[in-house]
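Colleague: take this sequence and fold it.
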Amino acid sequence: MPTLPRKNRNPFGKDEVVRATRTFAWSGGTVRAGEGYRGGDPVVEANWSAFVPGETLDQELENPWDALPPPPQHAPPVHVQSSSIPVHRQVRCIVDASVPMQWAPDGPGSRSGTPPPFLRSQLRQGQIFDVLDEHVRRNPGWFRWIERDVTAEDVERMGGISAR
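Modeller: Numbering: from 1, shown residues only. Below is the predicted model:
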């Protein structure tokens, strides 16, 4: 009965000197990139694809970084504007901070007279607040006005001011 030749076998001769192309571990220990072995060595027999002929120059060895796929291209971040706060009253937080939680103004907690529970509100950079918000009133240095485009409402609001 005819047999088919094996295509996945060690192409190196038993006494041929070979070099490791990369560092890897196998059951017999660790092989470091650039180390030399004989073609008949058990590590070469078991992992022949990780070796090249011994006379291969360092510049000719494969670069593992070239074998990596290109990094993913992420979509740009979405810019969401809060529509519930009038544009002329919006401010952006410029710090990451944690401030004590407050009772709701008309809730039962504020009527009880007891301090609020040990909870904290998280303020994040880029978070948009109303300039009249309690956090902005207490810490105005943590906020900046939002740079924005001129709108028709801005022009109407400034209509009484004459241009010079």
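
Colleague: how many other residues sit next to residue 43?
Modeller: Residues lying near residue 43 (other Cβ atoms under 10 Å) number 21. Just so you know, the C-beta spots here come from the backbone N, C-alpha and C atoms, and that holds for glycine as well.

Colleague: is it true that it touches residue 28?
Modeller: Yes. Using Cβ atoms under 8 Å, residue 43 is in contact with residue 28, at 5.9 Å.

Colleague: what's next to the helix or strand where residue 136 lies, contact-wise?
Modeller: For residue 136, the host element (DSSP states H and E) is helix 134-138. Identification of contacts with helix 134-138 by Cβ atoms under 8 Å, 6 or more residues apart in numbering yields 91, 99, 102, 121, 123, 129, 130, 142, 143.

Colleague: out of these, which one has the lowest pLDDT?
Modeller: Lowest in pLDDT among the contacts of helix 134-138 is residue 102, which has 74.

Colleague: that one: what secondary structure?
Modeller: coil (DSSP: H, G, I helix; E, B strand; the rest coil).

Colleague: show the buried residues in the contacts of helix 134-138.
Modeller: Neighbour-count burial (16 or more other Cβ atoms under 10 Å) is assigned, among the contacts of helix 134-138, to 91, 123, 129, 142, 143.

Colleague: and the furthest pair within the residues you listed?
Modeller: Within the buried ones among the contacts of helix 134-138, 91 and 123 form the most distant pair, 11.6 Å apart (Cβ to Cβ).

Colleague: circling back to that earlier point, same list, the buried ones among the contacts of helix 134-138, but as a markdown table with secondary structure and distance to residue 117 please.
Modeller: Converted to a markdown table, the buried ones among the contacts of helix 134-138 look like this (DSSP: H, G, I helix; E, B strand; the rest coil; distance: Cβ to Cβ, whole Å):
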| residue | secondary structure | distance to residue 117 |
| --- | --- | --- |
| 91 | strand | 27 |
| 123 | strand | 19 |
| 129 | strand | 23 |
| 142 | helix | 23 |
| 143 | strand | 26 |
